[in-house]
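S.K.: please find the sequence and the predicted model below.
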Amino acid sequence: MKKTRANILIISLFTIFGFCQESQKPNVVLIISDQHKLEATGAYGSDLAITPNIDALAKTGVIFNHCYTPAPVCAPARASLITGMYPYANGAIYHKAPVTMPNGKIKNIGSGYLRETGYHEGIKTMPEVFRQQNYMTASPGKMHVHGELQKNVDEDFKDGNDLGFDEISVRYYTYFPGGHYEDEVGEDAYMRYRQFKKYSDVYKRGAMHLNEEYVPSLVENDEDNFDMVVAKKSTEFIEKRGKDGKNFFLHVGFEKPHAPFTTTKKYLAMHNPDDFELPTTHDDWYKKGKYPWVSNWVHSGIPKQLQNAKNVMAAYNACITEMDDMVGRVVQSLKDNGLYENTIIIYTTDHGEHMFEHGLRGKHNMYEDAVNVPFIISYPKLFKQNVFNNTNVSFVDVMPTLIELIDGEIPETAQGISLVKLLKDNSEIKDRVVFSEFRGTDYNLIPGIKNLPSRMMKKGDYKFIYTHGIIDQLYNLKDDPDELNNLIFSKSHQTIYKDMYFQTMAEWRFQEYSPIKTTIKNNQISWNATNDFKSYSLFYSKNPDCKDAFLLKDNIEEAFYAPKEKGFYWVLASPKLTKTSDFYGESVPVAVKDYSYILPISDIIEFD
């Protein structure tokens with residue numbers, strides 16, 4: 001009998017020891033909202049934002065001032081977060097992916113229907129790495145990643161693709177039968193939330209999207225609103241981990257403050273529309289003309305009645321407060337279940353919102369309000385607390401950062417860097433380079449083109465923006481935070497302009513578009529000159545890393561060059577712009593006459 005008890009004691013001690021060992025690795029809660037404007041957060045200096053729970057995370061963590069989304073639109077941004085790769089590299093470049101149907105017509109397909117429209121096969125996702133490290137993984141709420149599939153949806157991928165999540169629920173924008181928001185609350189509550197079908201004309205025109213009338217959600221039960229359901233599922237998962245002690249990675253996908261800007265009476269009552277004022281740049285494009293580099297429909301205009309505009313701003317902030325309240329529920333659940341001390345908490349959002357900055361609404365371009373997003377990491381037992389960091393960072397950095405913290409193996413495909421050192425000692429990386437990209441349509445000077453590509457590069461205080469077929473942009477954000485002075489016209493900025501132009505284009509390759517064709521013959525580099533370009537430049541490096549390349553020769557009008565040194569070369573072209581616009585006047589060409597699918601860059605050329 002004594003021997004049996006001794007054995008039981010030994011087994012129990014080993015069990016406890018094993019449980020403690022497993023718990024030594026940190027848990028992770030990654031909270032991502034939708035369309036949260038950085039400046040509409042108390043932690044980032046807003047006097048009107050009511051965000052006590054996000055602010056509390058900031059006080060216990062590191063606040064990054066310059067985090068950039070890899071894409072100013074939901075689906076590509078979220079695929080980058082999950083894969084640790086920029087959209088061009090992981091292949092999930094579209095918000096809705098164009099698919100050629102059997103009848104030859106192009107149909108834009110949302111996420112959750114076809115595997116072929118998603119990120120490339122063979123890429124290991126962040127939750128898959130956590131799963132390999134014996135973490136329980138869950139993702140209640142919005143995911144919106146092309147490539148995720150429920151079983152038996154795509155005939156060619158009957159097993160589906162769970163991205164690496166053990167538990168999936170409350171999907172939104174993603175086709176996911178059985179695991180959708182509608183499956184949780186029923187069709188009527190779902191339709192009320194989005195104001196679809198019979199509820200789409202309840203409010204006056206415009207109110208459905210912007211809530212100009214400042215009225216509450218049509219959802220009858222407050223707890224049936226999307227973010228409340230996501231918070232409930234999240235806390236249920238946390239409670240289970242509190243009981244079984246298993247390490248976990250929890251991706252919490254809130255939907256607010258994405259439009260429609262409707263929320264419950266409780267959150268609307270916390271804000272006063274009269275407190276809000278239009279931003280100083282609200283009439284910029286009204287005075288100068290539409291921005292050549294912004295789609296027509298993003299110039300959505302400001303409500304004619306000032307009170308209606310204030311209602312919109314207050315309603316948007318009320319949605320943020322609702323979402324912040326749900327952040328609080330998740331964090332409180334960690335504390336209630338004894339998991340807070342050993343859990344890394346991240347708060348961010350997929351992209352920003354203009355909210356009438358520059359007279360624009362939504363995102364879908366490269367202005368700071370669309371691409372610079374809140375990003376906070378809290379883990380008091382290891383990281384600095386209540387500090388700001390000015391390093392340029394990106395969603396692609398999240399995967400290597402978290403995987404280092406759990407002693408996992410970072411996939412070779414990951415394109416970001418680990419931020420662990422920065423988080424521990426609050427050091428900063430000077431002149432860190434990050435990118436963002438977008439495919440837009442309905443440009444005033446280039447009509448009829450679908451998914452026209454653009455790409456942004458941020459380095460230090462400078463931001464460069466390339467929009468295919470349209471004039472470039474270069475801003476010094478320290479001196480010009482509102483991005484009103486395009487420095488491509490400044491003679492003193494030509495060196496940095498050309499360098500950032502080259503670095504933006506050097507490795508950027510994607511569907512439909514091809515680089516300039518080149519050949520080497522008789523010790524001479526030649527390229528295919530076309531009417532699309534007015535002149536060419538040559539960049540050179542001793543090694544194949546484009547980051548080490550420098551401008552060798554500028555304004556080459558001919559289509560060949562005889563190298564004098566062995567090494568690696570790139571041809572960079574200047575597009576021939578001829579169309580003008582009201583924004584710069586008749587003296588400044590801003591767009592091409594004939595659209596081309598040739599990128600103004602060659603592939604790397606090795607000359608030996």
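M.R.: Perfect, thanks for sending it. Residues are numbered from 1 along each chain as shown.

S.K.: need the distance between the two termini of stretch 242-256.
M.R.: 28 Å (Cα to Cα, to the nearest Å).

S.K.: these two touch, right, Y536 and L552?
M.R.: No - judged on Cβ atoms under 8 Å, Y536 makes no contact with L552 at a distance of 11.4 Å. Every C-beta, even on glycine, is put in place using the N, C-alpha and C of the backbone.

S.K.: who has more neighbours, the two?
M.R.: With neighbours defined as other Cβ atoms under 10 Å, Y536 and L552 compare such that Y536 has more, 23 against 18.

S.K.: beta partners for the more buried one?
M.R.: Note on Y536: beta-bridge partners by DSSP bridges are I556, A573.

S.K.: same check on G141?
M.R.: Taking DSSP bridges, one obtains G253 as the residues bridged to G141.

S.K.: do I have it right that it meets K256?
M.R.: No - G141 lies out of contact with K256 (Cβ under 8 Å); the separation is 10.9 Å.

S.K.: overlap of the contact sets of these two?
M.R.: When contacts are counted by Cβ atoms under 8 Å, 6 or more residues apart in numbering, the set common to G141 and K256 consists of 226-227.

S.K.: could you look up the SS state of E341?
M.R.: Of the three states, E341 takes helix under DSSP: H, G, I helix; E, B strand; the rest coil.

S.K.: also the one 3 residues further on?
M.R.: Secondary structure of I344, reduced to three states by three-state DSSP: strand.

S.K.: residues in contact with it?
M.R.: So I344 contacts 26-29, 377-379, 402, 405 (Cβ under 8 Å, 6+ apart).

S.K.: same deal with D325?
M.R.: Contacts of D325 by Cβ under 8 Å, 6+ apart are 53, 267.

S.K.: how far does the helix or strand encompassing it sit from its chain's centre?
M.R.: Assessed by DSSP states H and E, D325 sits inside helix 306-336. From the chain centre to the centre of helix 306-336 is a distance of 20 Å (Cα atoms, centre = their mean, to the nearest Å).

S.K.: next one: stretch 461-477
M.R.: Counting by Cα atoms, centre = their mean, stretch 461-477 comes out at 18 Å from the chain centroid.

S.K.: what about that stretch, start to end distance?
M.R.: The first and last residues of stretch 461-477 sit 5 Å apart, counting by Cα to Cα.

S.K.: what's the answer for stretch 587-596, then?
M.R.: End-to-end span of stretch 587-596 (Cα to Cα): 23 Å.

S.K.: could you do stretch 80-87 as well?
M.R.: Stretch 80-87: ends 6 Å apart by Cα to Cα.

S.K.: what's the closest of the contacts of I344 to T518?
M.R.: Lowest distance from T518 to the contacts of I344 (Cβ to Cβ) belongs to L402, with 40.6 Å.

S.K.: hang on, isn't the closest one packed against M126?
M.R.: Yes - judged on Cβ under 8 Å, L402 makes contact with M126 at a distance of 6.9 Å.

S.K.: what is in contact with these two at once?
M.R.: Shared contacts of L402 and M126 (Cβ under 8 Å, 6+ apart): F249.

S.K.: how much space separates K288 from H358?
M.R.: The gap separating K288 from H358 is 10 Å, by Cβ to Cβ, to the nearest Å.

S.K.: cool, and I516?
M.R.: Noted for I516: a distance of 33 Å to H358, by Cβ to Cβ.

S.K.: number of nearby residues for E368?
M.R.: 22.

S.K.: show me what F438 bridges to in the sheet.
M.R.: Going by DSSP bridges, F438 is paired in beta bridges with S454.

S.K.: contacting residues for it?
M.R.: 71-73, 76, 364-366, 453-455.

S.K.: and which of those is nearest to T321?
M.R.: Of all these, P72 has the smallest distance to T321: 23.5 Å, by Cβ to Cβ.

S.K.: do I have it right that the closest one meets E353?
M.R.: No - P72 lies out of contact with E353 (Cβ under 8 Å); the separation is 9.9 Å.

S.K.: overlap of the contact sets of these two?
M.R.: 363, 370.

S.K.: run through the chain and note the low-pLDDT ranges.
M.R.: Residue ranges of the chain with pLDDT under 70: 1-23, 203-208.

S.K.: okay, now the domains of it?
M.R.: Split into domains by automatic domain parsing, the chain comes to 26-427, 434-607.

S.K.: just the ones you listed: most buried one?
M.R.: When you average the neighbours per residue for each of the domains of the chain (mean count of other Cβ atoms under 10 Å), domain 26-427 leads with a mean of 20.

S.K.: would you say V202 is within a strand?
M.R.: No - under three-state DSSP, V202 falls outside any strand and is assigned coil.

S.K.: Y561 and F533, how far apart?
M.R.: Remark: distance between Y561 and F533 (Cβ to Cβ) = 15 Å.

S.K.: can you check D201 too?
M.R.: D201 is 50 Å from F533, by Cβ to Cβ.

S.K.: and for D166?
M.R.: 52 Å.

S.K.: now Y267
M.R.: Taken as Cβ to Cβ, the span from Y267 to F533 is 53 Å.

S.K.: could you do H354 as well?
M.R.: On the measure of Cβ to Cβ, H354 and F533 end up 33 Å apart.

S.K.: again with Q524
M.R.: Distance, Q524 to F533, using Cβ to Cβ: 19 Å.

S.K.: next: I93.
M.R.: Distance of I93 to F533, given as Cβ to Cβ: 24 Å.

S.K.: show me what stretch 572-588 is in contact with.
M.R.: Stretch 572-588 is contacted from outside by 285, 288-292, 444-445, 469-471, 498, 501-502, 505, 516, 531-539, 589-593, 600-602, using Cβ under 8 Å, 6+ apart.

S.K.: show me those residues that map onto strands.
M.R.: Using DSSP state E, the members of the contacts of stretch 572-588 that fall in strands are 470-471, 516, 533-539, 600-602.

S.K.: can you pull out the strands in the stretch 351-500 of the chain?
M.R.: In the stretch 351-500 of the chain, the segments counted as strands under DSSP state E, counting those that start in this stretch are 372-378, 387-394, 433-440, 452-459, 462-467, 470-476.

S.K.: adjacent strands (with direction) for the shortest one?
M.R.: Spelled out, that is strand 462-467. Counting by DSSP bridges, strand 462-467 is paired with strand 452-459 (antiparallel), strand 470-476 (antiparallel).

S.K.: would you list the phi and psi of the nearest residue to T519 once chain neighbours are set aside?
M.R.: Once flanking residues are discounted, T519 sits nearest to S526: 5.2 Å by Cβ to Cβ, 6 or more residues apart in numbering. S526 has phi and psi values of phi -120, psi 150 when expressed as degrees, to the nearest 10.

S.K.: now T467: how far from S295?
M.R.: 10 Å.

S.K.: repeat for G289
M.R.: For G289, the distance to S295 - Cβ to Cβ - is 15 Å.

S.K.: D47 now?
M.R.: Distance from D47 to S295, by Cβ to Cβ: 32 Å.

S.K.: and D350, by the same measure?
M.R.: Per Cβ to Cβ, D350 is found 19 Å from S295.

S.K.: repeat that for D283.
M.R.: Separation of D283 from S295 (Cβ to Cβ) stands at 19 Å.

S.K.: E167: what's it in contact with?
M.R.: 136-140, 237.

S.K.: now secondary structure and distance to S581 too, for those, in TSV please.
M.R.: Below are these laid out as TSV (DSSP: H, G, I helix; E, B strand; the rest coil; distance: Cβ to Cβ, whole Å):
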residue	secondary structure	distance to S581
M136	strand	54
T137	strand	49
A138	strand	49
S139	strand	44
P140	strand	46
F237	helix	52
